[in-house]
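Peer 1: Sequence first, predicted coordinates after that:
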Amino acid sequence: MLFRSIKASYRKGITKPIKYREEQLKALQTCLLDNEIEFRNALREDLHKSEFESVLTELSLVYDEISTALDNLSSWTSSKSQSKAHPKYMWALDSLQLVPEPYGTVLVIAPWNYPVQLALSPIVGAIAAGNAVVLKPSEISKACERVLAALLPKYLDEDTFCVVTGAKEETQKLLEQKFDYIFFTGSTKVGKIVMKAAAEHLTPVTLELGGKSPVIIDDSCDLEQAAQRIAWGKFTNAGQTCVAPDYALILSSLIPRFTEEIKKVITEMFGEDPQQSKDYGRIITQDHFERISGYLSQGEVLYGGHADSEERYIQPTILGSIKQGADVMQDEIFGPILPLIPIESLDEAVSFIVERPKPLALYLFTSKSEVKKKFELETSSGSMLINDTLIHLSCNTLPFGGVGDSGMGAYHGEYSFKTFSHMKPVMHKTTKLEKLNEKFRYPPYDEKKLSHLQTILRYPGKQ
Ligand code: NAD
């Protein structure tokens with residue numbers, strides 16, 4: 001079986017030399033460069049992604065991950081001395097190191113909404129850290145699955161990397177194997193299945209999940225700019241983004257003006273009829289189309305509302321006066337509908353957020369530092385972005401990941417390397433102590449030894 005042969009290759013140590021990791025990362029880069037058109041066409045076929053969006057939200061992020069890893073590999077992989085970090089005399093003659101070691105053979109499971117980026121970015125970290133990799137792309141983004149499965153094995157070493165295609169059953173078969181690490185991106189529901197399966201083997205996991213990411217609009221913000229940035233974040237990829245602003249908590253007095261501004265920017269971005277825009281996406285499957293279009297009747301349509309089943313097109317839509325208990329405010333929307341939830345105070349917004357599962361991202365539009373501090377301190381979310389949407393995840397000096405129901409663990413840049421590495425503590429113990437007649441740790445003990453022990457441990461009152 002493929003898994004066993006990949007695992008056997010890992011055990012031979014093939015993936016560990018830095019040179020090998022560099023070669024594999026460069027091969028991945030070449031694979032993308034040689035075949036950019038195939039990747040872009042596949043993204044167009046699956047999601048009607050524009051070239052610009054494919055570059056901005058898929059390919060450039062992977063290139064950036066690769067070049068960051070190549071630039072930093074030698075420093076990431078070097079042992080980190082911890083000797084100076086310890087204030088006690090106890091370790092003064094020893095060398096304390098943190099040595100990054102690869103986990104082994106890792107499984108990366110990807111979703112369909114950013115099918116290239118979310119398959120390849122984690123792999124960069126896994127390879128940089130010296131692991132062998134099994135990739136399971138999403139079966140739903142069929143064209144991207146086909147391209148990934150056909151091209152990656154031509155560039156990457158087939159002894160230490162493979163792509164397994166398939167859906168639920170195939171993934172569950174993979175999950176029966178004893179991987180050394182599992183990196184899963186997808187829904188909270190399937191995240192639980194993955195974690196249960198991983199628990200059987202005590203395999204550590206990163207879970208990059210979803211949820212309802214709120215946006216809060218305060219009256220001190222530049223409303224025109226807020227509308228522009230929120231519309232861009234919501235309607236990129238037709239709303240099928242894990243960190244899309246799911247709904248807006250907005251001071252009720254701002255709703256009429258905000259609605260006018262957002263209508264204006266939607267028209268600027270996609271024209272009077274977004275269905276004709278080459279830059280506006282489509283819903284991935286008929287099932288998702290049915291689910292999302294069902295939300296259109298759960299409130300008052302303030303803008304948009306048109307859906308065309310044949311093309312799986314849903315117009316950018318703003319919903320107000322949401323019906324009590326409506327699904328649109330229970331489910332992760334994952335589509336181009338923005339419910340506006342009126343609030344009378346920022347405290348009300350905080351309560352609304354903290355009463356619900358912890359979101360993947362929280363967006364706040366304000367110019368007041370005390371309001372920024374309030375949300376930083378009083379809410380919890382995977383990440384927080386002030387005065388913009390989505391864009392933080394392309395900054396790979398910041399970790400990206402969820403908290404609570406939106407996931408565990410994080411990646412990007414060096415955080416990916418750390419995610420796929422076990423940071424092994426290694427102590428190089430001095431051999432000089434006994435020669436220096438330092439035998440105080442051995443029995444028989446006496447008062448003098450106890451006092452000496454307390455001194456070198458910087459015991460309270462004995463320093
Ligand atoms: P999903 O959970 O349905 O599928 C993800 C992967 O799991 C796919 O490869 C699929 O084949 C596999 N899978 C599906 N059902 C399975 C099962 N029963 N057992 C084992 N494996 C199974 O997710 P999706 O629909 O592909 O993606 C959408 C979800 O992913 C949304 O909730 C979104 O928020 C989330 N997401 C999160 C991030 C993030 O970075 N946090 C990024 C993108 C998407």
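Peer 2: Yes, it's here.
Peer 1: So which residues on the stretch 301-450 of the chain come close to the ligand?
Peer 2: Contact residues, the stretch 301-450 of the chain versus the ligand (Cβ under 6 Å from any ligand atom): 332, 334, 360, 402, 407. For the C-beta atoms, the positions are set from N, CA and C on the backbone; glycine is no exception.
Peer 1: Next, Leu61: phi, psi?
Peer 2: The phi/psi pair for Leu61 (degrees, to the nearest 10) reads phi -70, psi -40.
Peer 1: and the residue in the stretch 151-300 of the chain positioned nearest to the ligand, what does it touch?
Peer 2: With Cβ to the nearest ligand atom, the shortest gap between the stretch 151-300 of the chain and the ligand falls at Gly210, namely 2.1 Å. For Gly210, the contacting residues are 186-188, 242, 332, 334, 360, 406, by Cβ atoms under 8 Å, 6 or more residues apart in numbering.
Peer 1: Pretty sure it sits in a helix.
Peer 2: No: under the criterion used here (DSSP: H, G, I helix; E, B strand; the rest coil), Gly210 is coil, not part of a helix.
Peer 1: Inside helices: which ones of the contacts of Gly210?
Peer 2: Mapping those onto helices (DSSP state H) picks out Thr188.
Peer 1: any chance of the contacts of Gly210 in JSON lines, with neighbour count and pLDDT too?
Peer 2: Converted to JSON lines, the contacts of Gly210 look like this (neighbours: other Cβ atoms under 10 Å; pLDDT from 0 to 100):
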{"residue": "Gly186", "neighbour count": "23", "pLDDT": "98"}
{"residue": "Ser187", "neighbour count": "16", "pLDDT": "96"}
{"residue": "Thr188", "neighbour count": "18", "pLDDT": "94"}
{"residue": "Cys242", "neighbour count": "27", "pLDDT": "97"}
{"residue": "Glu332", "neighbour count": "19", "pLDDT": "97"}
{"residue": "Phe334", "neighbour count": "23", "pLDDT": "98"}
{"residue": "Leu360", "neighbour count": "29", "pLDDT": "98"}
{"residue": "Ser406", "neighbour count": "28", "pLDDT": "98"}
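Peer 1: which of the contacts of Gly210 are the two that sit furthest away from each other?
Peer 2: Phe334 and Ser406 (13.5 Å; Cβ to Cβ).
Peer 1: what's the closest of the residues of the stretch 301-450 of the chain next to the ligand to Thr165?
Peer 2: Phe334 (23.1 Å).
Peer 1: From what I see, the closest one and Pro245 are in contact.
Peer 2: No: Phe334 is not in contact with Pro245 according to Cβ atoms under 8 Å; the separation is 12.0 Å.
Peer 1: The closest residue to Ile322 other than its chain neighbours: what's it in contact with?
Peer 2: Excluding its sequence neighbours, the residue lying closest to Ile322 (Cβ to Cβ, 6 or more residues apart in numbering) is Gly299, at 4.2 Å. By Cβ under 8 Å, 6+ apart, the contact list for Gly299 reads 319-323, 326, 328, 339.
Peer 1: Buried subset of these as a ChimeraX selection?
Peer 2: For the buried members of those, the matching ChimeraX selection, counting by 16 or more other Cβ atoms under 10 Å, is:
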select :319,320,322,326,328,339
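Peer 1: now the contacts of Gly299 as JSON lines including distance to Ser351, pLDDT and secondary structure?
Peer 2: Below are these laid out as JSON lines (distance: Cβ to Cβ, whole Å; pLDDT from 0 to 100; DSSP: H, G, I helix; E, B strand; the rest coil):
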{"residue": "Leu319", "distance to Ser351": "22", "pLDDT": "98", "secondary structure": "strand"}
{"residue": "Gly320", "distance to Ser351": "21", "pLDDT": "97", "secondary structure": "strand"}
{"residue": "Ser321", "distance to Ser351": "20", "pLDDT": "96", "secondary structure": "coil"}
{"residue": "Ile322", "distance to Ser351": "17", "pLDDT": "97", "secondary structure": "coil"}
{"residue": "Lys323", "distance to Ser351": "21", "pLDDT": "95", "secondary structure": "coil"}
{"residue": "Ala326", "distance to Ser351": "19", "pLDDT": "97", "secondary structure": "coil"}
{"residue": "Val328", "distance to Ser351": "20", "pLDDT": "98", "secondary structure": "helix"}
{"residue": "Pro339", "distance to Ser351": "17", "pLDDT": "98", "secondary structure": "strand"}
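Peer 1: tell me which of the contacts of Gly299 is nearest to the ligand?
Peer 2: Val328 (15.2 Å).
Peer 1: Quickly note the distance from the closest one to Lys424.
Peer 2: Relative to Lys424, Val328 is positioned 48 Å away (Cβ to Cβ, to the nearest Å).
Peer 1: now the strands for the stretch 101-250 of the chain?
Peer 2: 105-109, 132-136, 161-163, 181-185, 205-208, 213-217, 245-251 (DSSP state E, counting those that start in this stretch).
Peer 1: In the stretch 1-150 of the chain, where is pLDDT below threshold?
Peer 2: 1, 85-88 (pLDDT under 70).
Peer 1: Go again with 90.
Peer 2: Applying pLDDT under 90 to the stretch 1-150 of the chain flags the ranges 1-3, 82-93.
Peer 1: Single out the residue in it that lies closest to the ligand.
Peer 2: Pro111 (3.1 Å).
Peer 1: what's the nearest residue to that residue if we skip its chain neighbours?
Peer 2: Gly186 (4.6 Å).
Peer 1: correct me, but that neighbour touches Thr206?
Peer 2: No: applying Cβ under 8 Å as the test, Gly186 and Thr206 come out as separate, 11.7 Å apart.
Peer 1: Contact residues of the stretch 51-200 of the chain facing the ligand?
Peer 2: Going by Cβ under 6 Å from any ligand atom, the residues of the stretch 51-200 of the chain near the ligand are 109-113, 118, 136, 138-140, 167-168, 171-172, 185-187, 190, 193.
Peer 1: Give me the subset of those lying in helices.
Peer 2: Mapping those onto helices (DSSP H) picks out 118, 168, 171-172, 190, 193.
Peer 1: Including neighbour count, could those go into CSV?
Peer 2: What follows is these, written out as CSV (neighbours: other Cβ atoms under 10 Å):
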residue, neighbour count
Leu118, 24
Lys168, 10
Thr171, 21
Gln172, 13
Val190, 17
Ile193, 16
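Peer 1: Which helix or strand contains the closest residue in space to Phe52 that isn't next to it in sequence?
Peer 2: Among residues not flanking Phe52 along the chain, Asp279 sits closest, at 6.9 Å (Cβ to Cβ, 6+ apart). Under the criterion DSSP states H and E, no helix or strand holds Asp279.
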